[in-house]
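J.: no sequence for this one, just the structure:
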């Protein structure tokens, strides 16, 4: 039996996960279905949403914020973040623009979360 | 003097939601005054996700959440001014504002909503001894430098305070290549959300040291180390436990304070618990026609609740503009038994809108309790809570039939009780 705190939303439900049978993982303590999915992922293949910033050339501010379009493997967070280091977007950038396509072959993109107008 | 029906001071989440709601309640003569060069307030630098689950039923980043409201304000053609700093508000609702575009302008409004947000408690507010070297930042300042201006603030970091901003910045600094050596928390518990302890600290094996504080900052030009020590039950450092941690940066996440300088000008009564105004169930302060909502009223954990509260303030301000003040008989809400504060602090009627939301914080971590509302000793509301903590705002909703039991002259107490 593992205890964990669900990170899907700010509720922070305390979950109990019985993963003694890997084909039939039992989750209790969750108040919504996302908690069950989170707990199952967490004991098999943990994933995280990743947010960061990328540089913007000629923008009214220096950086545009980005997020992964879906959660990515927790183990690959830092490798994924490294991909953003060499990038410079050119203003104007818009919320929803793709900053980096197909992170490490995962099919997940880094997408821009903030409009940055041209200076 | 320029006449306006409604002026909203602050174009962050509170001001935007109040403006939208005021418009939707029929008001067209609205002006938002924002001192920054962009709408959206602090959300613009909160690039992490987790916003909007209540309001939009999806998980957004801070800038995305802000933009939802900005778009709604733009779609309604609500007037706003950027780079416009309000320097005074009087109790007869005269606002003095300065901006590069317009110079010094005086406005008079029928109603004012103060939506000015909060500030971080600075180093001077907690009196840490030690060198006045560079490298000590409030966590929010560091967040702005990294996320908006693109400057990295340090390489080896100690964070004092485990509130949400401290936790979020621990991860943020780690993502940017810094080594976060410890998050040090004075209290025996964190005031941050559990999910942030998991995904910002545990994920990266960052130690969280409860009942510890920073007792010294060392360094000549730049921070070279900080000394931390355990504290006793009275929160006094036990110097025999002192240890030195080498680092070049100290981030302070030691509390947020509602920014109420303008409210003081206008003689708005402030609460010495929340640091915000004392308001009634229509979000009106003691000064007729001056309303408050969002973090200037009391510091929230979730922006969703800021939006909700501010939409109520917007609607009530319009109601005041159209009908004047309609209540005078207030029932003051008292707190006891572990409840530190409740907002609103007073209710003015047998509520006509059907229900009333009360928001509160508790003074300590308690397990297996009930949140209770008592009227003259009789319980009219009770809700079981397996765990309550100071870091998580509690909300209760009183329905019309429960509120019908409240009338003038009665004692209404919000408290925690054993299950």
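T.: Done, it's in. The structure displayed is predicted, hence computed values, not measured ones. Numbering: from 1, shown residues only, chains lettered A, B, ... in the order given.
J.: C-alpha only now, for contacts and for neighbours.
T.: Will do.
J.: ok, longest helix in the chain?
T.: With no chain named, the answer covers chain A. helix A:33-44 (DSSP state H).
J.: should've been chain B
T.: helix B:303-323.
J.: what sits up against that helix?
T.: For helix B:303-323, contacts defined as CA atoms under 8 Å, 6 or more residues apart in numbering or on different chains pick out B:5-6, B:13-15, B:17-22, B:25-27, B:51-55, B:110-113, B:282-284, B:289, B:291-295, B:300.
J.: picking up where we left off before, packing partners for the helix or strand following the longest helix of chain A?
T.: Using DSSP states H and E, the helix or strand that follows helix A:33-44 in sequence is strand A:47-48. Strand A:47-48 makes packing contacts with strand A:72-73 when contacts are defined by 3 or more CA pairs under 8 Å, 6 or more residues apart in numbering or on different chains; DSSP states H and E.
J.: given the strand it packs on, what are its sheet partners and their directions?
T.: Sheet pairing of strand A:72-73 (DSSP bridges) gives strand A:47-48 (antiparallel).
J.: what residue lies at the spatial centre of chain A?
T.: Nearest residue to the geometric centre of chain A (CA atoms, centre = their mean): residue A:49, 1.1 Å.
J.: residue ranges with poor pLDDT in chain A?
T.: Low-confidence segments of chain A (pLDDT under 70): A:10.
J.: excluding residues flanking it in the chain, which one is nearest whichever residue of the stretch 251-400 of chain B sits closest to chain A?
T.: In the stretch 251-400 of chain B, no residue comes nearer to chain A than residue B:302, which is 8.0 Å away by CA to the nearest CA. Counting by CA to CA, 6 or more residues apart in numbering or on different chains, residue B:302 lies nearest to residue B:51, which is 7.4 Å off, once chain neighbours are set aside.
J.: ditto for residue B:164
T.: residue B:192 (4.4 Å).
J.: tell me which stretches of chain A form helices.
T.: Counting by DSSP H, the helices of chain A are A:33-44, A:77-82.
J.: can I get those helices in CSV with distance to chain B?
T.: Compiled in CSV, the helices of chain A are given as follows (distance: least, CA to the nearest CA, whole Å):
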stretch, distance to chain B
helix A:33-44, 12
helix A:77-82, 7
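J.: all strands of chain A, in order?
T.: Applying DSSP state E to chain A gives strands spanning A:2-5, A:14-18, A:26-28, A:47-48, A:51-57, A:63-68, A:72-73, A:88-90, A:98-100, A:110-112.
J.: who in chain A is up against chain B?
T.: A:5-12, A:49-53, A:55, A:61-67, A:78, A:81, A:95, A:113-114 (CA under 8 Å from any CA of the partner chain).
J.: near chain A, which residues of chain B? Just list them.
T.: Residues of chain B lying near chain A (CA under 8 Å from any CA): B:47-50, B:53, B:61, B:63-64, B:67, B:147-150, B:172, B:175, B:193-196, B:198-199.
J.: among these, which lie within helices?
T.: Per DSSP H, the residues of chain B next to chain A map to helices at B:63, B:64, B:67, B:172, B:175, B:194, B:195, B:196.
J.: now, which of the residues you listed sits nearest chain A?
T.: For those, the minimum distance to chain A (CA to the nearest CA) is 4.5 Å, reached by residue B:195.
J.: not counting sequence-adjacent ones, nearest residue to the closest one?
T.: Spatial nearest neighbour of residue B:195, excluding adjacent residues (CA to CA, 6+ apart): residue A:7 at 4.5 Å.
J.: list the residue ranges of the stretch 251-400 of chain B that fall below the pLDDT cut-off.
T.: Looking at the stretch 251-400 of chain B by pLDDT under 70, you get B:349-353.
J.: show me the strands in it, by range?
T.: Along the stretch 251-400 of chain B, counting by DSSP state E, counting those that start in this stretch, strands occupy B:256-258, B:290-292, B:331-336, B:339-343, B:346-347, B:355-362, B:366-375, B:378-388, B:394-399.
J.: report back the residue of chain B that's furthest from centre.
T.: residue B:240 (36.6 Å).
J.: quick one, what contacts the nearest residue to it once chain neighbours are set aside?
T.: Excluding the flanking residues, the one nearest residue B:240 by CA to CA, 6+ apart is residue B:229, at 7.9 Å. Residue B:229 makes contacts with B:212, B:213, B:214, B:215, B:237, B:238, B:239, B:240, B:241, B:242, B:243, as judged by CA under 8 Å, 6+ apart.
J.: how about JSON lines for those residues, with secondary structure and pLDDT added?
T.: JSON lines is the format used below for the contacts of residue B:229 (DSSP: H, G, I helix; E, B strand; the rest coil; pLDDT from 0 to 100):
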{"residue": "B:212", "secondary structure": "strand", "pLDDT": "97"}
{"residue": "B:213", "secondary structure": "strand", "pLDDT": "97"}
{"residue": "B:214", "secondary structure": "strand", "pLDDT": "97"}
{"residue": "B:215", "secondary structure": "strand", "pLDDT": "96"}
{"residue": "B:237", "secondary structure": "strand", "pLDDT": "96"}
{"residue": "B:238", "secondary structure": "coil", "pLDDT": "97"}
{"residue": "B:239", "secondary structure": "helix", "pLDDT": "96"}
{"residue": "B:240", "secondary structure": "helix", "pLDDT": "97"}
{"residue": "B:241", "secondary structure": "helix", "pLDDT": "97"}
{"residue": "B:242", "secondary structure": "coil", "pLDDT": "97"}
{"residue": "B:243", "secondary structure": "strand", "pLDDT": "97"}
